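Trainee: got a predicted structure plus its sequence, pasted below:
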There are 2 protein chains.
Amino acid sequence: MAGANDMNIDMIRAAAKRLEGHARRTPLLNSPFIDDLAGRRVWVKPECLQHTGSFKFRGGWSALSALDPAVRANGVIAFSSGNHAQGVALAAREHGTNAVIIMPSDAPAQKIANTRALGAEVVLYDRGTESRDEIGDHLSNDRGLTLIKPYDEPEVIAGQGTTGLEIAAQAAEHGVTKAEVVVCCGGGGLTSGIALALEADAPDMRVRPAEPKGFDDVARSLRAGAIQSNVETRGNICDAIITLQPGDITFPIMRRLCGPGLVVTEDEAMNAMAHAFSRFKLVAEPGGAVALASALYRKDEIEGDDVIVVISGGNVDAALFQTALSRFGA
Amino acid sequence: MAGANDMNIDMIRAAAKRLEGHARRTPLLNSPFIDDLAGRRVWVKPECLQHTGSFKFRGGWSALSALDPAVRANGVIAFSSGNHAQGVALAAREHGTNAVIIMPSDAPAQKIANTRALGAEVVLYDRGTESRDEIGDHLSNDRGLTLIKPYDEPEVIAGQGTTGLEIAAQAAEHGVTKAEVVVCCGGGGLTSGIALALEADAPDMRVRPAEPKGFDDVARSLRAGAIQSNVETRGNICDAIITLQPGDITFPIMRRLCGPGLVVTEDEAMNAMAHAFSRFKLVAEPGGAVALASALYRKDEIEGDDVIVVISGGNVDAALFQTALSRFGA
């Protein structure tokens, strides 16, 4: 089985080559208004502008493109209620193969519709009475589908890590080589991938995982030096980045390379959404806004003159976005 | 006095050189969902991601950087209630000179605050009782300020035209060399600048100005072959692109190079804002959304397999954005 030691910068560089012309090179943005509020320069890497509205397309494309063509032709399978589903679905369609996505029947209707519209076969299951693993195993064996895990998978981590290669290059264009890089963190695929990329290309940068309060398994795991779990995995608006615990591959990488975790409240995430709206003209989902929220509301826990924050996704319903604006917008 | 014949592609290329490292090269985005709705491929050039939230920074920077340094050091002056104000203010600050912006006292408080926060000296006047031209003349003569006009000014047009150079290069990367290019159109600075750039770099593309219904002075002027005016210049949510009539420099360029104008309703503009939100994770202001609205709701008036639309700005109040989402969001 693959482990953290199997991951290296060459895999990320190889993934970047495979992603070229397929994934978007998102820009690196700044705003004098946000700098004033945060008390230092803030650079935003908006992965909400990535295909399918989140960084997940990078990992999906990386994993699909790394498969043996004969294996890939049989199709892939993924479990997801949201962003990973859409990333894998589009990557599969553009590779001319099939994706089966196992989604809970209570997933937001629009996310199910989007995943279907991207050409995937969506199989719904009842969270209360059915086991998604059983359904998945059955389908995989039956059809020879390859499972694309959401984060604890080397080629997925390599794909997400291409974000870090871009950050290093784009920050250097602005003369920034030393900074804290705050990354919205669920299972740790994006965080560990970026950390590995920066270790090679921007060694004076340090990654800080950001999480919602009450679901700070990564912050606690880093403090404890061993994997800790959340008590709950539901009941927070930052749904896109809530997982039970960090991965067996991602955690050792984060433990070796990342600084202490940053933790923000739901209100702070929504407030950051309103700032992304007014100052960057970007749509961030709550889970995608926790890194920006950290730069704005945990400034005493961040060091240095420059902070780089990743907005990891923008797949938010209109109703929730309106709530954020009505409470915190100007 | 400068005229349309003084404008040429070399001025746009020179402006592009001066803007390098200062203005953002905004990306070119697409979405399979929008393609389906529009019945052809739709490419979005999001100038809402430009510094100060609109393309106006390009023209402001171009004009400021073209001035003789001794003249520039005396400062500049501009009339604007919105996007041009912020573009000139930031360009002046980054050139280390002063900007005086004459704004109506009933301009949105946030726009006044933003312009001040960008370092400009804001002079308010009462639209009902005072003449902004008199105030401007007085200040200019007194202090030797240089007037930066919002569109009928060659170096401003050249700056906006750099958007067209980028469109030609970015579309070609996707294999697109023939397309209609729909541009949100007020006085015609952006539209005529892009048309000149494409004439040189993508001669199989044709620019189509887009305007709100009831304020379609450019569409009517193109039809008549001579400048026509709007009856009103207020009372529409697309305020950013409403001017009395096209400019003396911009109109002859548009007449020579542009196809017929496209006209959309306020509701169609708001509907396009909701689509920009859900499919591109972008914040568009109403006037910035009329080109996308044209691609979605005037498809029978557009030709060919590819349409490129410019989202010209994203400076919209939270309340109006919420209205658009509550009426048209999903």
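Mentor: Alright, I've got the coordinates. Residues are numbered from 1 along each chain as shown, chains lettered A, B, ... in the order given.
Trainee: and stretch A:86-103, average pLDDT?
Mentor: Computed over stretch A:86-103, the mean pLDDT rounds to 97.
Trainee: got the CA positions of that stretch in PDB?
Mentor: Provided in PDB are the C-alpha atoms of stretch A:86-103 (Å, rounded to 0.1, in the frame of the first residue of the first chain):
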ATOM      1  CA  GLN A  86     -17.700  16.900 -10.000                       C
ATOM      2  CA  GLY A  87     -14.000  17.000 -10.400                       C
ATOM      3  CA  VAL A  88     -13.800  13.200 -11.100                       C
ATOM      4  CA  ALA A  89     -16.900  13.400 -13.400                       C
ATOM      5  CA  LEU A  90     -15.400  16.100 -15.600                       C
ATOM      6  CA  ALA A  91     -12.000  14.500 -15.700                       C
ATOM      7  CA  ALA A  92     -13.500  11.200 -16.700                       C
ATOM      8  CA  ARG A  93     -15.600  12.700 -19.400                       C
ATOM      9  CA  GLU A  94     -12.600  14.500 -20.900                       C
ATOM     10  CA  HIS A  95     -10.700  11.300 -20.900                       C
ATOM     11  CA  GLY A  96     -13.500   9.600 -22.700                       C
ATOM     12  CA  THR A  97     -14.300   7.100 -20.000                       C
ATOM     13  CA  ASN A  98     -17.200   6.600 -17.500                       C
ATOM     14  CA  ALA A  99     -17.400   7.700 -13.900                       C
ATOM     15  CA  VAL A 100     -19.800   6.200 -11.400                       C
ATOM     16  CA  ILE A 101     -20.300   8.500  -8.400                       C
ATOM     17  CA  ILE A 102     -21.900   7.100  -5.300                       C
ATOM     18  CA  MET A 103     -23.700  10.000  -3.600                       C
END
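Trainee: how far does that stretch sit from its chain's centre?
Mentor: Centre-to-centre, stretch A:86-103 and its host chain are 17 Å apart (CA atoms, centre = their mean, to the nearest Å).
Trainee: again with stretch A:120-128
Mentor: 22 Å.
Trainee: buried stuff in that stretch?
Mentor: A:120-123, A:125 (16 or more other CB atoms under 10 Å in any protein chain shown). All C-beta spots, glycine's among them, are computed from the backbone N, C-alpha and C.
Trainee: outside of it, which residues touch it?
Mentor: Stretch A:120-128 is contacted from outside by A:85, A:88-89, A:92-93, A:98-107, A:112, A:115-116, A:131-132, A:135, A:139, using CB atoms under 8 Å, 6 or more residues apart in numbering or on different chains.
Trainee: can you check the distance spanned by that stretch, start to finish?
Mentor: This stretch, stretch A:120-128, spans 24 Å end to end (CA to CA, to the nearest Å).
Trainee: that older thread, quick one: which of the buried residues of stretch A:120-128 is nearest chain B?
Mentor: Among these, A:Ala120 lies closest to chain B (CB to the nearest CB), at 12.5 Å.
Trainee: how about the closest one, nearest residue that isn't a chain neighbour?
Mentor: A:Ala89 (3.7 Å; CB to CB, 6 or more residues apart in numbering or on different chains).
Trainee: burial of the one you found, as a residue count?
Mentor: As a burial measure, A:Ala89 scores 29 neighbours (other CB atoms under 10 Å in any protein chain shown).
Trainee: following the strand or helix carrying it, which helix or strand comes up?
Mentor: Here A:Ala89 sits within helix A:83-94, counting by DSSP states H and E. Sequence order places strand A:99-104 as the next helix or strand after helix A:83-94, per DSSP H and E.
Trainee: tell me the angle of the longest helix along chain A relative to helix A:83-94?
Mentor: In chain A, with assignment by DSSP state H, the single longest helix is helix A:154-173. Interaxial angle, helix A:154-173 versus helix A:83-94 (axes from the mean of the first three to the mean of the last three CA atoms, to 10 degrees): 100 degrees.
Trainee: and helix A:154-173, what does it pack onto?
Mentor: helix A:9-19, strand A:41-46, helix A:56-66, strand A:179-184, helix A:189-201, strand A:205-212, strand A:306-311 (3 or more CB pairs under 8 Å, 6 or more residues apart in numbering or on different chains; DSSP states H and E).
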